[in-house]
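K.L.:
Below is the structure, and that's it, no one-letter string:
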């Protein structure tokens, strides 16, 4: 009897071909770790049913197809997890890139602040350098201007008539520290200390003014002494200071000093409520040592006028004094 050949449908299923080297096993790990990408369908890939396979297909083809689909899904999941690991926040590049961008911005901001600070310092430095230059130029300009153009006009200076009276104290020196009781306040003649104030200084403030008795000696040497009220306005004092700067040469005519008079400490108010007294110690130029011919001459004004000062200086020159050659 012939041996029966087994029916093809009764053959046992062929085992699946082993995965090639380098391929992941055909296991869907979707349940173990979720993925952020899909495989193009809402359902996981299904293993092909052997009963539905083409009877002419090679054994194991269905299994290989399923294995390949699972491998592709696994690779996509792995890629998605790797991308998620590089960008855990889901946008803007990796953490390393974000830190680098933040550091670059910090450096840009620091450079910007540094440049702004340098600009401010440069402007301040230029201002500090320019201010002395401005003062020097202004001073030079004032020195070149006629004295008569400084201050108010003679008509608006509020001056009283010139006053003359007999002078006292010719060559009468007293010890330093002696307080001389002058008849006229501020004085225009009288006893004085042995040494006058230096020729180089033409303007004094309350802080640096010499003693009254020292300045009276300057009157004896032919100086024009401008006593100004220490409480006079700052603008008027400034104009007076500019006027004295025009007398900064070495000519005897430059014997001009402006000094403050404090009515509280020096005693005595200005004539008629004025703010300035122009004082000269006059002597006959032909007989300067004759005390009987000497006079104290004064002119009181309310406001500073270069025109008034210049005219008084010309009317009573240095040469008409007891000791015109004195320093």
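P.N.:
It's in. All values reported here derive from a predicted model rather than from experimental measurement.

K.L.:
Phi, psi for the residue lying closest to residue 275 once chain neighbours are set aside please.
P.N.:
Spatial nearest neighbour of residue 275, excluding adjacent residues (CB to CB, 6 or more residues apart in numbering): residue 229 at 4.1 Å. Quick note: C-beta positions are derived from backbone N, CA and C, even for glycine. When read as degrees, to the nearest 10, the backbone of residue 229 gives phi -60, psi 120.

K.L.:
Please, which helix or strand holds the residue nearest to residue 312 when sequence neighbours are not counted?
P.N.:
Nearest residue to residue 312, sequence neighbours excluded (CB to CB, 6+ apart): residue 278, at 5.0 Å. Using DSSP states H and E, residue 278 sits in strand 276-282.

K.L.:
Other residues contacting that strand?
P.N.:
Defining contact as CB atoms under 8 Å, 6 or more residues apart in numbering, one finds that strand 276-282 is touched by 164, 167, 186-189, 219-220, 222, 224-229, 232, 240, 261, 270-271, 294-304, 308-309, 312, 316, 320-322.

K.L.:
Partner strands of that strand, with direction?
P.N.:
According to DSSP bridges, strand 276-282 forms sheet pairs with strand 224-229 (antiparallel), strand 295-301 (antiparallel).

K.L.:
about what we covered before: what's the separation between the residue nearest to residue 275 and residue 156?
P.N.:
18 Å (CB to CB, to the nearest Å).

K.L.:
And residue 313, by the same measure?
P.N.:
Residue 313 is 19 Å from residue 156, by CB to CB.

K.L.:
List the residues that contact residue 154.
P.N.:
By CB under 8 Å, 6+ apart, the neighbours of residue 154 are 305, 307-308, 311.

K.L.:
please redo it, this time with the cut-off set to 6 Å
P.N.:
If a contact means CB atoms under 6 Å, 6 or more residues apart in numbering, then residue 154 has 305, 307-308 as its contacts.

K.L.:
Which residue comes closest to it once chain neighbours are left out?
P.N.:
Nearest one to residue 154, counting by CB to CB, 6+ apart, is residue 307 at 4.4 Å.

K.L.:
can I assume that neighbour sits in a helix?
P.N.:
Yes - Residue 307 sits within a helix when classified using DSSP: H, G, I helix; E, B strand; the rest coil.

K.L.:
okay but it is in contact with residue 150, surely?
P.N.:
No - taking contacts as CB atoms under 6 Å, residue 307 lies outside contact range of residue 150: 8.4 Å.

K.L.:
roughly how far apart are residue 250 and residue 219?
P.N.:
Counting by CB to CB, the gap from residue 250 to residue 219 is 20 Å.

K.L.:
Between these two, which is the more surrounded one?
P.N.:
Counted by other CB atoms under 10 Å, residue 250 and residue 219 do not tie: residue 219 has more neighbours, with 28 against 8.

K.L.:
ok, and the closest non-adjacent residue to that one?
P.N.:
Per CB to CB, 6+ apart, closest to residue 219 is residue 281, 4.1 Å.

K.L.:
Any figure for the gap between the one you found and residue 232?
P.N.:
Distance from residue 281 to residue 232, by CB to CB: 24 Å.

K.L.:
ditto for residue 116
P.N.:
45 Å.

K.L.:
Low-confidence regions, this protein specifically.
P.N.:
1-93, 135-136, 138-144 (pLDDT under 70).

K.L.:
Which elements pack onto the longest helix along it?
P.N.:
Counting residues, the longest helix found in the chain (DSSP state H) is helix 95-144. Using 3 or more CB pairs under 6 Å, 6 or more residues apart in numbering; DSSP states H and E, the elements in contact with helix 95-144 are helix 234-245.

K.L.:
Next secondary structure after the helix it packs on?
P.N.:
Counting by DSSP H and E, the next helix or strand C-terminal to helix 234-245 is strand 256-261.

K.L.:
Give me the three-state assignment for residue 265.
P.N.:
On the basis of three-state DSSP, residue 265 is classed as coil.

K.L.:
That one: neighbour count?
P.N.:
8.

K.L.:
out of residue 313 and residue 156, which sits in the busier spot?
P.N.:
residue 313 (19 against 11).

K.L.:
Contact partners for the more buried one?
P.N.:
residue 224.

K.L.:
and it, that's in a helix?
P.N.:
Yes - the assignment for residue 313 is a helix, going by three-state DSSP.

K.L.:
before we move on, back to that, which one of the strands paired with strand 276-282 lies nearest to residue 110?
P.N.:
strand 224-229 (56.0 Å; CB to CB).

K.L.:
what's the angle from that closest one to helix 234-245?
P.N.:
Going by axes from the mean of the first three to the mean of the last three CA atoms, to 10 degrees, strand 224-229 is angled at 170 degrees with respect to helix 234-245.

K.L.:
Identify all contacting residues around strand 224-229.
P.N.:
Counting by CB under 6 Å, 6+ apart, 186, 219, 240, 256-258, 260-261, 270, 275-279, 313 sit against strand 224-229.

K.L.:
switch to 8 Å and redo it
P.N.:
Strand 224-229 is contacted from outside by 186, 188, 215, 218-219, 236-237, 240, 244, 255-261, 263, 270, 274-280, 304, 309, 312-313, 316, using CB under 8 Å, 6+ apart.
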